[in-house]
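In: please find the sequence and the predicted model below.
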Amino acid sequence: SQFIKLLGTLTGHAEPRVWHLAWDPRGDLLATCGEDRTIRLWALSAEALPAPTAAAMAAAWHCVAVLEDAHQRTIRWCEWSPNARYLATCSFDGMASVWEYNDGDFDCVASLEGHENEVKAVSWAASGTMLATCGRDRSVFIWEAEEEEYEVAAVLHSHAADVKAVAWHPQQEVLASASYDDTLKLYAPNDDDWRCFATLSAHQSTVWCLAFSPDGRGLVSCSDDRSVSLWRDLTGECGYVLAATAADVHERAVYAVSWAPEASGLGYIATASGDNAIGLLRAHFGSGTEGGNGGESQLELIGIQSDAHAGDVNSVSWRPTRPQAASTERAGWLASCGDDGAVKLWQAGS
Amino acid sequence: MSGLNANPDLFDVATERRSADDTAREVDPSVRDPLDELEVFEMIRGIKDPEHPHTLEQLRVVQRSLIRVDDARGRVYVNFTPTIPHCSMATLIGLSIRVQLLRLLPSRFKVDVNVTPGTHMNEKDVNKQLSDKERVAAALENENLLKMVNSCLQGIS
């Protein structure tokens, strides 16, 4: 299929499984983490600028830093702060860490202790002053940052099983989580505390990942049941309802979803699956009205890239695109990682 | 109800062997030899039950007829049958089978290990746990659990 094109493969992680990857908000640095207990940072060689072709550009990407001794066990997730100054990581060792990025150096500036065991995901709020973590202990922690000191603002026990992922609304102070209990939950501040104000049920099995659309009006989730669901905010106040479901998108569990940045102009949703494939979908919002079911919204399957990796694909992420970026070669870049130990760069769209 | 089976039934082990032709093909490096059910069975028949000094084959927890291989698509499906419907060890047995196949099969194979339908009270829960790669990965980083799994995989001495 031609809808995504391989630009290059980055190798370096020691153990087979690369669990997660994250672009910094400028799209200049890619962080990856996995079973080998390291975090790797990848960037474009300075001498390769200005980039000639997309293929040459991918070939010029290389590992610029390896963060070791960060965690005692598998590093499951990593995420950049909105100002690109901090990288948060979390591990099966029960800890989350915050790294400060300064002139090419990374310093661990905070260790967040609180979860009883495996921490599975971490997410920064748009303000950059709040961080959410979740784990096998069924809880979601909200941490508030003040001068690099992180205080627990809330511990939420709304799910009945492992919480697999957390994601903040891009504009509002609202957090969403996905769980082994087959549901998604939404949280908002309530006086001095936080409360769960909605439970979204549609999936038949574990919800592995979730992502908001860049404007926050849409939310997409993916599951062990091989489907992808689209939720739509009909009220403008995070009143998400099920708008569409694409069943049987993949042959096996869908582990990750990523919504393309607005500036890319693509409006695509990328998926990563245990069937070794990457999928591409597009959300179409119908004329849904409040009280309705989301109108005639649709999730259109654009295509499936089979054998994207030689093993499960664990994570996929669109490269951020600056609105002012003149060059087209940055639009529609996608990174993926998998059980084959590889990190791959792709170009989507024509 | 302890969840332990004090007096499990024991069964004769399979005497099935490959034909001479099959064996010749197996050792001929010029022939692409697809994985089959018997090979998978050979990998797991000797796993020791966590609570008895018997193999999973002797207890008829694993059977060749409950294994399915799709070599072309790289899929292996194994059903296992706990000796009693409330067996508290079902997840550990399934995990041992899963780990053994992860270690022995080429990485192109995807393995699904499930309880034989209708043979365990918590069939759905056990299956869901065994198919969750993140839980399995985390479990194998737990030294105590890994020790238990390895002791099952060492078989009967």
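Out: Received the coordinates, thanks. Treat the numbers as computed from the prediction; the structure is a model and nothing was measured.
In: only C-alpha atoms for contact and neighbour calcs from this point on.
Out: Will do.
In: distance check, the nearest residue to residue A:313 once chain neighbours are set aside against residue A:275.
Out: Leaving aside its sequence neighbours, residue A:313 sits nearest to residue A:338 (CA to CA, 6 or more residues apart in numbering or on different chains; 4.2 Å). Distance, residue A:338 to residue A:275, using CA to CA, to the nearest Å: 11 Å.
In: which one's more surrounded, these two?
Out: Between residue A:338 and residue A:275, counted using other CA atoms under 10 Å in any protein chain shown, residue A:338 has the larger neighbour count: 28 against 21.
In: wait, isn't residue A:4 in contact with residue A:349?
Out: Yes. Judged on CA atoms under 8 Å, residue A:4 makes contact with residue A:349 at a distance of 6.6 Å.
In: which one of the two is surrounded by more residues?
Out: Ranked by neighbour count (other CA under 10 Å), residue A:4 and residue A:349 place residue A:4 first, with 22 against 13.
In: contact partners for the residue of chain B most remote from its centre?
Out: Distance from the centre of chain B peaks at residue B:30, with 29.7 Å (CA atoms, centre = their mean). Not one residue lies near residue B:30 by CA atoms under 8 Å, 6 or more residues apart in numbering or on different chains.
In: now do the one 5 residues further on
Out: Counting by CA under 8 Å, 6+ apart, residue B:35 touches B:69, B:71.
In: and what of residue A:95?
Out: A:71, A:111, A:112, A:113, A:114, A:115, A:118, A:119.
In: mind checking how far the closest residue to the fourth one other than its chain neighbours is from chain B?
Out: When you say that, I think you mean residue A:113. Excluding the flanking residues, the one nearest residue A:113 by CA to CA, 6+ apart is residue A:95, at 5.5 Å. Remark: distance between residue A:95 and chain B (CA to the nearest CA, to the nearest Å) = 14 Å.
In: again with residue A:148
Out: In terms of CA to the nearest CA, residue A:148 sits 30 Å off from chain B.
In: how about residue A:286?
Out: Plainly put, residue A:286 is 35 Å away from chain B if you go by CA to the nearest CA.
In: also residue A:314?
Out: Relative to chain B, residue A:314 is positioned 10 Å away (CA to the nearest CA).
In: so for the helix ranked longest in chain B, mean pLDDT?
Out: Criterion DSSP state H: the longest helix present in chain B is helix B:90-104. Averaged across helix B:90-104, pLDDT comes to 97.
In: so which elements touch it?
Out: Other elements packing on helix B:90-104 under the criterion 3 or more CA pairs under 8 Å, 6 or more residues apart in numbering or on different chains; DSSP states H and E are helix B:37-44, strand B:110-115, helix B:123-131, helix B:143-153.
In: part of a helix, is residue A:6?
Out: No. Using DSSP: H, G, I helix; E, B strand; the rest coil, the assignment for residue A:6 is strand, not a helix.
In: how many neighbours does the closest residue to it other than its chain neighbours have?
Out: In this structure, residue A:6 finds its nearest non-sequential neighbour in residue A:346, 4.5 Å apart by CA to CA, 6+ apart. Residues lying near residue A:346 (other CA under 10 Å) number 22.
In: distance of residue A:346 from residue A:318?
Out: 9 Å.
In: now for those two: what residues contact both?
Out: With contacts taken as CA under 8 Å, 6+ apart, the residues that reach both residue A:346 and residue A:318 are A:333, A:334, A:335.
In: take these and write them to JSON lines, including pLDDT and neighbour count.
Out: Putting the shared contacts of residue A:346 and residue A:318 into JSON lines (pLDDT from 0 to 100; neighbours: other CA atoms under 10 Å in any protein chain shown) gives the following:
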{"residue": "A:333", "pLDDT": "88", "neighbour count": "24"}
{"residue": "A:334", "pLDDT": "93", "neighbour count": "24"}
{"residue": "A:335", "pLDDT": "96", "neighbour count": "22"}
